[in-house]
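Student: here's a sequence, model it:
(one chain, ligands or ions: 1)
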Amino acid sequence: MAVRFRLGSYTPVEGDPLGRSSVGFFPRMTEEEAWKAGRGCWKMSAEKLPRVRFALVVAEGAVRAVAEVTDFTAHGDRVALEGSLLGAGHPMYDAYIGQPDPVDNGSMNPVGYVALPEEQQFLMRACACGCGATSERDFLPGHETRAIMDRVREHFDGNPLKFVQWIDNTLASAAIVSGRQPS
Ligand SMILES: [Zn+2]
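Tutor: Modelled structure (predicted):
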């Protein structure tokens, strides 16, 4: 899930919990400045906050910064996100920087949540070996071997050669069934 923060207009502030001298948008602000202005402090959904992986800072209708969220800090009933700015070559950056606000729900709330297609590949999911851990990929490093060897133990007497021969034979049979020559 991604969150979008919409910046208001430039306003000098005093006593800012993030130590800033101003908040809001000003013309020609850099992506770094947009992230600094946009990462806090907001009222965010306690349920959605832990699921937010990317943040987009929007001002005057266009995305000004795209960041990957790594953590957050609480400031009273508001939070500020910690994260790193993304740059060219990252799918989230390439898809949204400079583009129109992807949260187009008509709400005046500057904080909007959205599931974006480009972030799906980065979302944590259960490791497919069944270990119970989560991973950004199908398997944690090395766990694909664990998943395969579990099956070799369970179905092939722990003998990898039997497993390989079974795959080869199965594919050859499938090729015959489908009318193709086994390679
Ligand atoms: Zn695993």
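
Student: so in the protein, which helix runs the longest?
Tutor: The longest helix of the chain (DSSP state H) is helix 160-177.

Student: how about the strand of greatest length in the chain as PDB, C-alpha atoms only?
Tutor: Ranked by residue count under DSSP state E, the longest strand found in the chain is strand 62-75. The C-alpha trace of strand 62-75 is given here as PDB (Å, rounded to 0.1, in the frame of the first residue of the first chain):
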ATOM      1  CA  ALA A  62       1.600  16.600  -9.400                       C
ATOM      2  CA  VAL A  63       3.800  14.100  -7.600                       C
ATOM      3  CA  ARG A  64       6.900  15.900  -6.300                       C
ATOM      4  CA  ALA A  65       8.700  13.100  -4.500                       C
ATOM      5  CA  VAL A  66       8.500   9.300  -4.200                       C
ATOM      6  CA  ALA A  67      10.000   7.500  -1.200                       C
ATOM      7  CA  GLU A  68      10.300   4.000   0.200                       C
ATOM      8  CA  VAL A  69       9.100   4.000   3.800                       C
ATOM      9  CA  THR A  70      11.400   2.400   6.300                       C
ATOM     10  CA  ASP A  71      10.000   3.500   9.700                       C
ATOM     11  CA  PHE A  72       7.900   6.200  11.400                       C
ATOM     12  CA  THR A  73       8.100   8.400  14.400                       C
ATOM     13  CA  ALA A  74       5.200   9.500  16.600                       C
ATOM     14  CA  HIS A  75       4.700  13.100  17.500                       C
END
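
Student: that strand: what's the following helix or strand?
Tutor: Next in sequence after strand 62-75, counting helices and strands by DSSP states H and E, comes strand 78-85.

Student: neighbouring contacts of that following strand?
Tutor: Contacts of strand 78-85 from elsewhere in the structure, counted by CB atoms under 8 Å, 6 or more residues apart in numbering, are 3, 17-18, 31-32, 35, 39-44, 49, 52, 55, 65-73. The C-beta positions use only the backbone N, C-alpha and C, and glycine is treated the same way.

Student: all set now, cheers.
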